[in-house]
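> pasting the structure only:
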Ligand SMILES: NC(=O)C1=CN([C@@H]2O[C@H](COP(=O)(O)OP(=O)(O)OC[C@H]3O[C@@H](n4cnc5c(N)ncnc54)[C@H](OP(=O)(O)O)[C@@H]3O)[C@@H](O)[C@H]2O)C=CC1
Ligand SMILES: O=C(CO)[C@H](O)[C@H](O)COP(=O)(O)O
């Protein structure tokens, strides 16, 4: 068997880790980096793995060294740098070669780039990689979008380097062009909401129930041994126990409460809204990060209105149930966005497989994903997670606890945008007759927009128009 071979450009945090992962799995990787001074540093780090690595001074040399059809993975910012590199390499490549963007890209850019490369008889792969540096080095979750031709070359490489869940590599060819990057984007949207839920729960326990960070960390660590087990729960447990060496204070007390965001959460929300699939929990999470950066305004409002938050009695078992229900709703909203995109772009996404490749390696990996993938395999709910019997069980068990938690938290003045929006969405979806008849009536009165009647077909107007 010939040794799998690939080109990799961009030896930053993720690219270097992926290259080492490949080398460790017997894949010969040709590498180059914009700043050539980084290359010897990388080779030093590679140590004995260097036998599977050939370093080049620039992209031209890397391209020249690869046999055709070439597969070159770029791990650089998926914005202008990626467009610039594509423009630079197109004239140097041959028909049948594949360019991979493995960064976090807006899938609209991926579709545009795919079309451009097709004009040149080249292939473009949008490949989502999740797991941060550690995942990239020792096994990420990989979401591939592209042609069968490119997948045939990529499959052995990605299956070797991906995280393994009980022997199943966490990688899948999810569809053409933007499918892989879209699924990665929604993965990140779900990640945003899961992180926000955890942050809100911490806030309720700390400010409402008066528990120390370490006590809350203990609870997260305990949760990580049961059905709530997840990477984000695990690292939150760790985070809450860490002490700042300079001050001796809990690290979380010295971190400024202003969250960064690089775009994937926002893209999820934009696409969700564009497709009529508002994902309110992800919206709440994106909004909360934006509001977090408005520290001055929040300080002024705190001075004006006061920032009192009442005391809360919190039962850990009830809190766990509430958290479980909210997480199911987070995933449910995420999969609805995937369902809408799959229909719009004809991707025929396999929801069970997506849940399966998220079970290890990625940031949202969790025990719940085992249940979600089984739920999709066992019941055809058309991608609607809330209709799956196994999820309905979790929801029926957890919604009363979530309702009780939200009621007392709102009454006491605690901010819970994601938890509250979970319930708002769930209660909306379980009403067979909601409130939209009032909206339709209003629209007809002010704009003659018309409405459908419950007892007849076609458009109708109300008596106000005679
Ligand atoms: N960090 C993470 O946890 C994750 C990141 N990603 C995505 O991976 C991609 C890379 O991220 P990461 O490794 O963290 O970033 P780093 O900043 O660590 O590395 C960036 C890499 O891109 C190169 N680069 C930057 N600008 C250009 C340019 N104009 N032309 C050519 N090369 C350029 C850099 O080269 P040089 O050394 O010369 O600066 C470096 O090799 C991004 O799309 C990111 O969104 C995806 C999943 C997780
Ligand atoms: O893709 C990732 C994890 O899955 C990256 O860590 C990404 O940077 C996370 O998004 P943000 O920086 O917006 O929090």
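Thanks, I have the structure now. Everything quoted here is computed from the prediction, not taken from an experiment. Residues are numbered from 1 along each chain as shown. Ligands and ions are numbered 1, 2, ... in the order given.
> Let me know how buried the closest residue to ligand 1 within the chain is, in neighbour terms.
The chain approaches ligand 1 most closely through residue 12 (1.8 Å), counting by C-beta to the nearest ligand atom. Every C-beta, even on glycine, is put in place using the N, C-alpha and C of the backbone. Burial of residue 12 is recorded as 17 neighbouring residues (other C-beta atoms under 10 Å).
> for the one 10 residues further on, same thing?
Here the number of neighbours of residue 22 (other C-beta under 10 Å) works out to 25.
> shouldn't it be in contact with residue 159?
No. Using C-beta atoms under 8 Å, residue 22 is not in contact with residue 159; the gap is 11.8 Å.
> follow-up on the earlier one: could you check how far the residue of the chain closest to ligand 1 is from residue 35?
Distance of residue 12 to residue 35, given as C-beta to C-beta, to the nearest Å: 10 Å.
> do residue 245 as well
Distance, residue 245 to residue 35, using C-beta to C-beta: 31 Å.
> What of residue 387?
From residue 387 to residue 35 the distance is 51 Å (C-beta to C-beta).
> Settle it for me: which of those two has more neighbours?
Ranked by neighbour count (other C-beta under 10 Å), residue 387 and residue 35 place residue 387 first, with 15 against 9.
> Is the residue nearest to that one when sequence neighbours are not counted in a helix, a strand, or coil?
Leaving out its chain neighbours, the residue that sits closest to residue 387 by C-beta to C-beta, 6 or more residues apart in numbering is residue 381, at 4.1 Å. Secondary structure state of residue 381, per DSSP: H, G, I helix; E, B strand; the rest coil, is coil.
> Then the one 5 residues further on?
Classification of residue 386 using three-state DSSP returns helix.
> ok, and the closest non-adjacent residue to it?
Nearest to residue 386 is residue 332, by C-beta to C-beta, 6+ apart, at 5.0 Å.
> quick one, what contacts the one you found?
Each residue near residue 332 by C-beta atoms under 8 Å, 6 or more residues apart in numbering is listed here: 384, 385, 386, 391.
> Among those, find me the one that's closest to residue 361.
Checking these against residue 361 by C-beta to C-beta gives residue 385 as the nearest, at 21.3 Å.
> Backbone dihedrals for residue 240, please?
phi -70, psi -10 (degrees, to the nearest 10).
> Which residue comes closest to it once chain neighbours are left out?
Nearest residue to residue 240, sequence neighbours excluded (C-beta to C-beta, 6+ apart): residue 217, at 3.0 Å.
> burial of the one you found, as a residue count?
Number of residues near residue 217 (other C-beta under 10 Å) recorded here: 21.
> Now name the helix or strand holding it.
helix 213-223 (DSSP states H and E).
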